[in-house]
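In: Return atomic coordinates for the entry below.
(2 chains)
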Amino acid sequence: MLTPGSHWDALHVFDEMLQLRPLPSVVRFTQVLTQVAKLKHYSTVIVLNDRLGLSGIGPSVYTLNIIINCFSHLNQMGFGLSVLGKFFKLGFEPDVTTFNTLINGFLLQNREADAVGILNKMMESGTCKPNVVTFGTLVKGLCMKGNNTGAIQLLKKMEEAGCKPDIVVYSTIIDSLCKDTTVVDAMNIFSEMMSKGIDPNVITYTSLIHGVCKLGDWKEAARLFNEMVSKGIFPNLLTFNVLVDTLCKEGLVGKAKGMVKMMTERGIEPDVVTYSSLMDGYCLRGEMSEAKEVFDLMLSQGSIVDAYSYSILINGYCKHRSIDEAMLLFKEMSGGGLVPDAVTYSTLIDGLYKQGRIRDAQKLFSKMQACGLLPDVQTYAILMDGLCKNQQLNWIQILWFTVFLSKVCA
DNA sequence: ATAGGGTTAG
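Out: Numbering: from 1, shown residues only, chains lettered A, B, ... in the order given. Got it, this is the predicted structure:
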């Protein structure tokens, strides 16, 4: 379907630009590539860049860096590294952005050692010293690995190296500590940050509010909320979504609806995430007709229903023994051009096993693999559970499955 | 004109 911002529009704009005479500068094309990359249409960026090359517009350090970033996000670090060859062929020097992009790529591939290796080389180098983004990227990588201690150590290390941490580095660590429910530590880092004269922003506060909400400390959430507003920092869509979601997970859907009313009054329109959280809230309470009402409301408001929202409703029906409703939605989403992922399939497979529909579950698993979707740890756990409970596995198979799962988890 | 931080499902 053609929607504003789809990669088809980008292709169109790009082709029209390539027809112009004289040709726009590489800077203009870079601006379009940046926009497409922001929409996460990484393979489109690669295609557009190839067309650029065919039209005789040479790459710049900027476009090459963008291409490396796109290959990283497409899990094609090999191609990303091969772009380095272009630098040397064209006589360009990779800059700090190039190295930062490569570090991020390695981290996305779980190649932490390679990422740290680049940092060390940069520290030794006289020409391309690491900057705040270099450290910020690595801090995020350590947090993603659950290594908050390492992230805090790196924060100290960057200061020793004469690189001042900024609001992004601090917010990354604060958010990770909050996710780890070590909100006390997050608050300490928060104070440390402010004592250094770094002002928190809406992202910092949203992470802290999320952290205290998860602990059920609504009083503290309200305090932080008031504190940020008193500083002239206003809660935005994400802040409200976090509040709506945590209220729903606590079973307080009524309060969540109040929050939706509040955000609307402040001129912030709920989006697909807001509604999906509400739907999940109703599903958790087994109030499926209310969940479906929210879903229909979304549909009536335009086409903001995505694969995620379908998956949430499908999960709700599966958990409340309406597997046929779930299958109907599954067919509907596929027909609507939305692509179910491993989570959606796993949910349905789990639902089918729990109803004793072993054959259907296995058929769906085959279909999932035929679609090129890789089962993950959770999928295998669901398969093993389903097969065991339906006594479809003997002890040898259970043993094999367990060994397999432990390898996947490692 | 390029690089790093906060939201939803099994």
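
In: how much space between residue A:165 and DNA strand B?
Out: 7 Å (C-beta to the nearest atom of the strand, to the nearest Å). Bear in mind the C-beta positions are built from the backbone N, C-alpha and C, glycine included.

In: Tell me the secondary structure at that residue.
Out: coil (DSSP: H, G, I helix; E, B strand; the rest coil).

In: Look at it and say how many residues are nearby.
Out: Look at residue A:165: counted by other C-beta atoms under 10 Å, it has 22 neighbours.

In: And for residue A:113?
Out: Counted with other C-beta under 10 Å, the neighbours of residue A:113 add up to 8.

In: Are whichever strand or helix holds it and DNA strand B in contact anywhere?
Out: Taking DSSP states H and E as the criterion, residue A:113 maps to helix A:112-124. No. Helix A:112-124 is not in contact with DNA strand B by C-beta under 7 Å from any atom of the strand; minimum separation 10.7 Å.

In: Name the residues of the helix or strand just after that helix that are buried.
Out: Per DSSP H and E, the first helix or strand lying C-terminal to helix A:112-124 is helix A:132-144. Neighbour-count burial for helix A:132-144, counted by 16 or more other C-beta atoms under 10 Å, picks out A:133-143.

In: what do you get for stretch A:264-282?
Out: Buried residues in stretch A:264-282 (16+ other C-beta under 10 Å): A:268, A:270, A:272-282.

In: ok, the residue of chain A found nearest DNA strand B - contacts?
Out: Nearest residue of chain A to DNA strand B (C-beta to the nearest atom of the strand) works out as residue A:136 at 2.4 Å. By C-beta atoms under 8 Å, 6 or more residues apart in numbering, the contact set of residue A:136 is A:165-166, A:168-169, A:172.

In: Among those, which one lies nearest to residue A:393?
Out: residue A:172 (43.2 Å; C-beta to C-beta).

In: count of neighbours near the closest one?
Out: So residue A:172, with other C-beta under 10 Å, has 24 neighbours.

In: Residue A:197 too?
Out: Using other C-beta under 10 Å, the number of residues around residue A:197 comes to 6.

In: same deal with residue A:302?
Out: 7.

In: which regions of chain A sit below the pLDDT cut-off?
Out: A:1-8, A:303, A:397-398, A:401, A:404-410 (pLDDT under 70).

In: which element is residue A:388 on?
Out: helix A:377-389.

In: tell me the SS of residue A:21?
Out: Applying three-state DSSP: residue A:21 is coil.

In: Can you list phi and psi of it for me?
Out: phi -130, psi 130 (degrees, to the nearest 10).

In: now swap in residue A:301 and tell me
Out: Backbone torsions for residue A:301, taken as degrees, to the nearest 10, come to phi -90, psi 10.

In: do you know how far it is from residue A:329?
Out: 18 Å (C-beta to C-beta, to the nearest Å).

In: what about residue A:387, neighbour count?
Out: Neighbour tally, residue A:387, other C-beta under 10 Å: 18.

In: quick one, which of residue A:301 and residue A:329 is more surrounded?
Out: Using other C-beta under 10 Å as the criterion, residue A:301 and residue A:329 rank with residue A:329 on top: 21 against 13.

In: The closest residue to the more buried one other than its chain neighbours: what's it in contact with?
Out: Of all residues not flanking residue A:329 in the chain, residue A:314 sits nearest, at 5.2 Å (C-beta to C-beta, 6 or more residues apart in numbering). Residue A:314 is in contact with A:326, A:329-330, A:344, A:347-348, counting by C-beta under 8 Å, 6+ apart.

In: mind running it again at 6 Å?
Out: By C-beta atoms under 6 Å, 6 or more residues apart in numbering, the residues touching residue A:314 are A:326, A:329-330, A:347.

In: so which of the residues you listed are also by DNA strand B?
Out: residue A:347.

In: Just name the closest of the contacts of residue A:314 to residue A:93, please.
Out: Distance to residue A:93 across these (C-beta to C-beta) is lowest for residue A:347, with 49.6 Å.

In: Let me know the helix or strand that the nearest residue to that closest one once chain neighbours are set aside is in.
Out: Spatial nearest neighbour of residue A:347, excluding adjacent residues (C-beta to C-beta, 6+ apart): residue A:315 at 4.7 Å. Following DSSP H and E, one finds residue A:315 within helix A:307-319.

In: Identify each buried residue in that helix, please.
Out: Judged by neighbour count using 16+ other C-beta under 10 Å, the buried positions of helix A:307-319 are A:307, A:309-319.

In: mind giving me a markdown table with these and columns for distance to residue A:71?
Out: As requested, these are exported to a markdown table (distance: C-beta to C-beta, whole Å):
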| residue | distance to residue A:71 |
| --- | --- |
| A:307 | 25 |
| A:309 | 30 |
| A:310 | 30 |
| A:311 | 28 |
| A:312 | 32 |
| A:313 | 35 |
| A:314 | 33 |
| A:315 | 34 |
| A:316 | 38 |
| A:317 | 39 |
| A:318 | 37 |
| A:319 | 39 |
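
In: Which entries in the residues you listed are shared with the contacts of DNA strand B?
Out: Okay, of the buried residues of helix A:307-319 touching DNA strand B (C-beta under 7 Å from any atom of the strand), that's A:307, A:309, A:311-312, A:315.

In: Name the residues of the stretch 51-200 of chain A found near DNA strand B, please.
Out: A:60-63, A:65-66, A:69, A:95-98, A:100-101, A:104, A:131-137, A:140, A:165-172, A:175, A:179.

In: Give me the distance between the two termini of stretch A:191-202.
Out: Using C-alpha to C-alpha, to the nearest Å, one end of stretch A:191-202 lies 16 Å from the other.

In: Report the buried residues of stretch A:192-202.
Out: A:193, A:198, A:200.

In: ok, residues contacting it?
Out: A:167, A:170, A:233, A:236.
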